[in-house]
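J.: quick one, what's the 3D model for this:
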Amino acid sequence: MIKVKSRGNETAEQMLRRFKKMCEKEGLTKDIKRVAYYEKPSEKRRRRIRKTPRVGGSSAPRR
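T.: All right, here's what the predicted structure looks like:
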């Protein structure tokens, strides 16, 4: 859970800006956008495959 406490004479806008930055660091906004819309299973697989690092040196296809 993300909590933001006021620092001295900090305005509400500054606290909100700090809160948004903390949410961005945690990846919360990215996760919310991802689950906001339906994603086809094939798109989930593609994203998962792209996310995993590739093993091997060359990116050229083997013959």
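J.: what's the distance between the helix or strand residue 43 falls within and the middle of its chain?
T.: Element membership of residue 43, judged by DSSP states H and E, is helix 41-51. From the chain centre to the centre of helix 41-51 is a distance of 15 Å (CA atoms, centre = their mean, to the nearest Å).
J.: now that helix: buried residues?
T.: The neighbour-count check on helix 41-51 (16 or more other CB atoms under 10 Å) flags nothing as buried. To be clear about C-beta, it is placed using only N, CA and C from the backbone, and glycine gets the same treatment.
J.: and stretch 43-53, what's its mean pLDDT?
T.: Taken as a whole, stretch 43-53 has a mean pLDDT of 87.
J.: in this structure, what secondary structure element scores lowest on mean pLDDT?
T.: Ranked by mean pLDDT, DSSP states H and E, the helix or strand of the chain with the weakest confidence is helix 28-36, at a mean of 87.
J.: thinking again about what came up before, contacts for the helix holding residue 43, please.
T.: Helix 41-51 has contacts (CB atoms under 8 Å, 6 or more residues apart in numbering) with residue 39.
J.: between helix 41-51 and the least confident helix or strand of the chain, find me the angle.
T.: Taking axes from the mean of the first three to the mean of the last three CA atoms, to 10 degrees, one finds helix 28-36 and helix 41-51 inclined to each other by 150 degrees.
J.: mind listing residues that contact helix 28-36?
T.: Contacts for helix 28-36 (CB under 8 Å, 6+ apart): 2, 20, 23.
J.: could you dump it to PDB, C-alpha only?
T.: Extracted in PDB, the C-alpha atoms of helix 28-36 (Å, rounded to 0.1, in the frame of the first residue of the first chain):
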ATOM      1  CA  LEU A  28       0.700   0.300 -10.400                       C
ATOM      2  CA  THR A  29      -0.500   2.500 -13.200                       C
ATOM      3  CA  LYS A  30       0.800   0.100 -15.900                       C
ATOM      4  CA  ASP A  31      -1.000  -2.800 -14.200                       C
ATOM      5  CA  ILE A  32      -4.300  -0.800 -14.000                       C
ATOM      6  CA  LYS A  33      -4.100   0.000 -17.700                       C
ATOM      7  CA  ARG A  34      -3.400  -3.600 -18.500                       C
ATOM      8  CA  VAL A  35      -6.400  -5.000 -16.700                       C
ATOM      9  CA  ALA A  36      -8.700  -2.100 -17.700                       C
END
